[in-house]
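Student: Below: sequence and its predicted model.
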Amino acid sequence: QDAGIYELTMGATGQKVKGRYTYVYVFEDGEWKISQHHSSVMPEGTKPQAITEEEVKNLFQLWNSALATLDPDAVARRYAKKAVFLPTVSDVPRTDYDLIKHYFEDFLKKK
């Protein structure tokens, strides 16, 4: 695995953009290959709030409890307005409430 922060310069405008990345690798056919790759712009202008490990665990439980209701709306409401959701059983990124809810409508039918 590899994760970090980078800065790139946009060729057309020269604008500098900070981003973050993660890679997960697998050894396949005699060489290392990327199996998962995430790259996104840093959330500029937002100040993180302090959070404890216990609070993080509780947030996961809130999401998991919403999932257990089998209500796509309850699950979708756990995501921020500008969330980026990369689903487990879809290769389509979900970037707003309606797209996230639609994913869970289909996902929860699969049980």
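Tutor: Alright, I've got the coordinates. Numbers count the residues shown, from 1 in each chain.
Student: Now whichever strand or helix holds residue 109: average pLDDT?
Tutor: Per DSSP states H and E, residue 109 falls inside helix 97-110. Helix 97-110 shows a mean pLDDT of 93.
Student: Show me what that helix is packed against.
Tutor: With contacts taken as 3 or more CB pairs under 8 Å, 6 or more residues apart in numbering; DSSP states H and E, helix 97-110 sits against helix 72-76. Backbone N, C-alpha and C define where each C-beta goes, glycine included.
Student: Tell me how far the helix it packs on lies from the chain's centre.
Tutor: 16 Å (CA atoms, centre = their mean, to the nearest Å).
Student: got the contact list for it?
Tutor: Helix 72-76 has contacts (CB atoms under 8 Å, 6 or more residues apart in numbering) with 63, 66, 67, 69, 97, 100, 101, 102, 104, 105, 108.
Student: now those residues in a markdown table, with distance to residue 41 and neighbour count?
Tutor: Converted to a markdown table, those look like this (distance: CB to CB, whole Å; neighbours: other CB atoms under 10 Å):
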| residue | distance to residue 41 | neighbour count |
| --- | --- | --- |
| 63 | 24 | 13 |
| 66 | 27 | 18 |
| 67 | 28 | 16 |
| 69 | 33 | 11 |
| 97 | 20 | 15 |
| 100 | 19 | 21 |
| 101 | 24 | 18 |
| 102 | 24 | 16 |
| 104 | 25 | 23 |
| 105 | 28 | 14 |
| 108 | 30 | 14 |
